[in-house]
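K.L.:
Quick one, what's the 3D model for this:
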Amino acid sequence: MTYLTRVSFLLLTRWVAFPEPVSRGLKYVPVGILTAFVIPGVLVSGGTLNFSWQNHYLFAGLLAAMVAWKWKNVFLAMGSGVALLLILRALA
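P.N.:
As a prediction, this is how the structure comes out:
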């Protein structure tokens with residue numbers, strides 16, 4: 001049943017033309033979902049916002065974001081973020 005509710009929206013787009021503002025807005029849904037998953041994991045620690053120097057996830061996330069912006073390579077961004085996280089944890 002869950003599969004049918006998810007795939008019904010995809011099938012609906014074949015026969016129904018969305019207005020232009022809706023079509024433009026739907027292009028940003030993947031970015032919004034990714035942001036909603038990543039930002040809390042990077043900024044929230046113990047139920048509160050953590051902008052301290054001990055937040056290794058913050059620095060790894062910032063590096064990954066800069067690498068992704070500069071080189072537009074997802075695997076390089078993920079690899080650089082994970083490598084920095086491992087280095088910071090080893091030094092702590």
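K.L.:
Check the secondary structure at the most centrally placed residue in the chain for me.
P.N.:
Closest residue to the average C-alpha location of the chain: residue 34 at 3.1 Å, with CA atoms, centre = their mean. Using DSSP: H, G, I helix; E, B strand; the rest coil, the structure places residue 34 in helix.
K.L.:
which secondary structure elements does whichever strand or helix holds residue 40 contact?
P.N.:
According to DSSP states H and E, residue 40 maps onto helix 29-43. Packed against helix 29-43 by the contact rule (3 or more CB pairs under 8 Å, 6 or more residues apart in numbering; DSSP states H and E) you find helix 56-71. From N, CA and C alone the C-beta is placed, and that goes for glycine too.
K.L.:
Now do the helix or strand hosting residue 4, average pLDDT.
P.N.:
Using DSSP H and E, residue 4 sits in helix 2-15. Averaged over helix 2-15, pLDDT sits at 79.
K.L.:
just stretch 78-88 next, same as before
P.N.:
Computed over stretch 78-88, the mean pLDDT rounds to 98.
K.L.:
what's in contact with it?
P.N.:
Stretch 78-88 has contacts (CB atoms under 8 Å, 6 or more residues apart in numbering) with 56-57, 59-61, 63-64, 67.
K.L.:
from these, which is closest to residue 11?
P.N.:
residue 64 (35.4 Å; CB to CB).
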